[in-house]
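*Asks:* I would like to see how this sequence folds:
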Amino acid sequence: MPLRPSPRAVALYFRKLGPRTQVALCQLPLSLIVTILGVMTPFVWPSLLVSPLYLAAIALHLILFAACFLTPWERLPPSYYVAVPVLDLLAIALLRNGAAPLLPALAILVVFPVIWLAASGILVRTSLVLSALGPFLIMLPTTAGKFPNLTASDITALVLFPLVMLAVSLAIRFASVNMHIQQRQLQAMGAELRELLAASREREKLLLTILDATDVGIVAVDSNGDQLLINNRQRRLQQIAAPADGSAGESQHLVFAQDKVTPLPPDKHPLRRAVEGESFADYLVWIGEGPQQRAVSTAARPLMNDGGRLTGAVVVFSDVTGLVEATAANEELVSNVSHEFRSPLNSILGNIDLVLEDSEGLSDLTVQRLEVVQRNSDRLLDLVSDLTLEASSALKVHPKRTDISGLVESSIGSAQAQAERSSVALVADVPSPLWAYADPLRIGQALDNLVSNAIKYSPDGGTVTISAAGSADWVKLVVQDTGMGMAPEDAAKVFRRFFRAESAREAAIPGAGLGLSITKTILERHGGAIACASDLGGGSTFTMTLPVESGG
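*Replies:* Here you go, the predicted structure:
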């Protein structure tokens, strides 16, 4: 199907033409018709060759058409070309009256100058008067020639024909005005769109500048995985991840698991997961290989339209190689130091135990001092064990269906001697059986730590209560004491490594601040959680949450 040019395109093309060509094109339809009439006259209407008015009209039309090309319209005011349609009215009057009564229908040619006058842009009153008066004067000589034998048809034609031309002029004038209004509206809309486009480009430039100034890689993709936006940092990371053979596809990128050597399948790549609609954070992968290999922490958020349909995603890549390597070095250092401490401490404790077993020849003061050495060596050995466990990134849990009430009973039995020395009462309120999906060794370790802390931080005696309750999905295990407590702001930080509350430091209660951090790690590895609520002087409450069934 051929393309049709729009009116706007035609108008633009017409404006590009010179004034002479424009005027000639406006005159061309009428001149063609008159030329055809002049050619046909000798063969069809030879009697008209003796009509001076008819011949003068044809000659005037030819002269007007030639004048359209010869007149320097570009040097004259724009309104001067209206003289052409006005003279057309005179030429049509001569043509029609010179051919009457043989060709009375030639009066219809007046529609061409009427259209031209209506669309010319001259004063409305002038164009309307000419559009009605011209046809009236054209029809008047023929009608007057029939006087006094006028018929109703003659009078109707004399009145109706000018009115029809007036209506045509009005219709064209209204259409022209409406077109000009629409053109101005389009021009205003075009100017507004240009301003919006310029503002959009400025915002895009600002956004790209901000993205390039960040130290993380950012890429936005559509639902097909095609990139919509990317900053320079991400381009550099993609160059590192690209294989040596230059394969640019995301599925061919060198992306490895946390062991740095196991290639991740394409469906586990961060971008592919994001395109599938996943939302994630702190997803650690290694990209590239050799000396340039980098550890990257990734996060993704899906993009949705108003209808809730996935349209793409934004993925952030943070280079955390230095942090990962520093953490690994720290863990290795702590592990090595702990290992080196453990052997001499075990030797010290072993020898002290042997001396104390054969203490008959020792004075009471010597035995007392040896017992102090033994207690502090035990504390130091416990600290080394906590450091080793905290530094280990491979703290394993092996959950299974476990009766929590049995773990509580064992923990109370283990802590009974410590509680009696501190004058602390131990109370249990746990239904039996109470099943949870937990590693009995690790949860027992966490529970022992909480009960031991509750006793230790109740130096003036009191009560430690262990209670539990279960639901369809979770088991809540609560350890509550009536001890010294801590400020709420300290309670919010109590699970940080090496953190100790101000109240504990002021009371000179020994500890390294690692036990609760280890406990939190154990709970998280189970898919559970731990929380602390405390008031200074009002005791503390620790709540452990464990799943009832396996999450996988």
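*Asks:* what's the offset of the lengthiest helix in the chain from the middle of its chain?
*Replies:* The residue-count maximum for a helix in the chain (DSSP state H) belongs to helix 152-213. Distance of helix 152-213 from its chain centroid, counting by C-alpha atoms, centre = their mean, to the nearest Å, is 36 Å.
*Asks:* mean confidence score for that helix?
*Replies:* For helix 152-213, mean pLDDT rounds to 86.
*Asks:* ok, now stretch 31-45?
*Replies:* Here stretch 31-45 scores 91 as its mean pLDDT.
*Asks:* returning to what we had before: who are the packing partners of the longest helix of the chain?
*Replies:* Using 3 or more C-beta pairs under 8 Å, 6 or more residues apart in numbering; DSSP states H and E, the elements in contact with helix 152-213 are helix 7-16, helix 111-119, helix 124-145, strand 227-230. In this view, the C-beta of every residue, glycine as well, is placed from N, C-alpha and C.
*Asks:* for these, which one ends up most surrounded?
*Replies:* helix 111-119 (a mean of 22; mean count of other C-beta atoms under 10 Å).
*Asks:* Report the angle between that helix and helix 152-213.
*Replies:* Angle, helix 111-119 to helix 152-213, by axes from the mean of the first three to the mean of the last three C-alpha atoms, to 10 degrees: 50 degrees.
*Asks:* Can you tell me what sits against helix 111-119?
*Replies:* 26, 29-30, 82, 84-86, 88-89, 92, 127, 130-131, 134-135, 165, 168-170, 172-173, 176 (C-beta atoms under 8 Å, 6 or more residues apart in numbering).
*Asks:* circling back to that earlier point, give the next helix or strand downstream of the longest helix of the chain.
*Replies:* Next along the chain after helix 152-213, taking DSSP states H and E as the criterion, comes strand 217-222.
*Asks:* Buried residues in that following strand, which are they?
*Replies:* 217-221 (16 or more other C-beta atoms under 10 Å).
*Asks:* Also stretch 476-494?
*Replies:* Across stretch 476-494, burial judged by 16+ other C-beta under 10 Å covers 476-486, 490-491, 494.
*Asks:* just stretch 295-302 next, same as before
*Replies:* Applying a neighbour-count criterion of 16+ other C-beta under 10 Å, one finds 295-300, 302 buried in stretch 295-302.
*Asks:* taking those one by one, which sit in strands?
*Replies:* 295-300, 302 (DSSP state E).
*Asks:* what's the closest of those to residue 239?
*Replies:* Set against residue 239, the nearest of these by C-beta to C-beta is residue 296 (13.2 Å).
*Asks:* which one is that closest one nearest to, not counting chain neighbours?
*Replies:* residue 317 (5.0 Å; C-beta to C-beta, 6 or more residues apart in numbering).
*Asks:* That neighbour in helix, strand or coil?
*Replies:* strand (DSSP: H, G, I helix; E, B strand; the rest coil).
*Asks:* ok, it - how many residues close by?
*Replies:* By other C-beta atoms under 10 Å, 25 other residues sit near residue 317.
*Asks:* Beta-bridge partners for it, please?
*Replies:* Per DSSP bridges, the residues bridged to residue 317 are residue 217, residue 298.
*Asks:* That one against residue 231, yeah?
*Replies:* No: contact criterion C-beta atoms under 8 Å: residue 317 and residue 231 do not qualify, at 10.0 Å.
*Asks:* where does the chain dip in pLDDT?
*Replies:* 1-16, 121, 244-252, 330-340, 342-343, 379, 382-395, 503-513, 551-552 (pLDDT under 70).
*Asks:* And the residue nearest the centre of it?
*Replies:* Centroid-nearest residue in the chain, with C-alpha atoms, centre = their mean: residue 303, separated by 5.3 Å.
*Asks:* Give me the three-state assignment for the closest residue to that residue other than its chain neighbours.
*Replies:* Distances taken as C-beta to C-beta, 6+ apart put residue 312 closest to residue 303, at 4.3 Å, once the chain neighbours are dropped. At residue 312 the chain is in strand, as set by three-state DSSP.
*Asks:* Run through the residues that contact residue 312.
*Replies:* Contacts of residue 312 (C-beta under 8 Å, 6+ apart): 220-223, 228, 275, 302-303.
*Asks:* With only the CA atoms kept, save stretch 308-328 in CSV.
*Replies:* Only the C-alpha atoms of stretch 308-328 are listed here, as CSV (Å, rounded to 0.1, in the frame of the first residue of the first chain):
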residue,chain,number,x,y,z
GLY,A,308,2.6,-5.9,38.3
ARG,A,309,4.3,-7.6,35.3
LEU,A,310,8.1,-8.1,35.3
THR,A,311,9.7,-5.7,32.9
GLY,A,312,13.4,-6.0,33.9
ALA,A,313,15.7,-5.7,36.8
VAL,A,314,18.5,-3.6,38.3
VAL,A,315,21.6,-5.4,39.5
VAL,A,316,24.4,-3.9,41.6
PHE,A,317,27.9,-5.4,41.7
SER,A,318,30.3,-4.5,44.5
ASP,A,319,33.9,-5.5,44.4
VAL,A,320,34.6,-6.9,47.9
THR,A,321,37.9,-8.7,47.0
GLY,A,322,39.9,-6.8,49.6
LEU,A,323,37.3,-7.4,52.3
VAL,A,324,37.0,-11.2,51.5
GLU,A,325,40.8,-11.6,51.5
ALA,A,326,41.2,-9.6,54.7
THR,A,327,38.5,-11.7,56.4
ALA,A,328,40.2,-14.9,55.2
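*Asks:* how about it: buried residues?
*Replies:* Quick answer for stretch 308-328 (16+ other C-beta under 10 Å): 312-320, 324.
*Asks:* Surely residue 130 and residue 89 touch.
*Replies:* Yes: Residue 130 is within contact range of residue 89, at 7.1 Å (criterion: C-beta under 8 Å).
*Asks:* Name the helix or strand for the nearest residue to residue 429 once chain neighbours are set aside, please.
*Replies:* Spatial nearest neighbour of residue 429, excluding adjacent residues (C-beta to C-beta, 6+ apart): residue 467 at 4.2 Å. Element membership of residue 467 [criterion: DSSP H and E] is strand 462-470.
*Asks:* and the helix or strand that comes right after that strand, which strands flank it?
*Replies:* As assigned by DSSP H and E, the chain's next helix or strand after strand 462-470 is strand 474-481. The pairing partners recorded for strand 474-481 under DSSP bridges are strand 462-470 (antiparallel), strand 540-547 (antiparallel).
*Asks:* Out of the ones you listed, which gets nearest to residue 120?
*Replies:* Each of those was scored for nearness to residue 120 using C-beta to C-beta, and the closest is strand 540-547 (86.9 Å).
*Asks:* Run the chain-centre distance for the closest one.
*Replies:* 39 Å.
*Asks:* again, but for stretch 396-416
*Replies:* Counting by C-alpha atoms, centre = their mean, stretch 396-416 comes out at 49 Å from the chain centroid.
*Asks:* In that stretch, which residues are buried?
*Replies:* For stretch 396-416, the neighbour count (16+ other C-beta under 10 Å) marks 397, 399, 402-405, 407-408, 411-412, 415 as buried.
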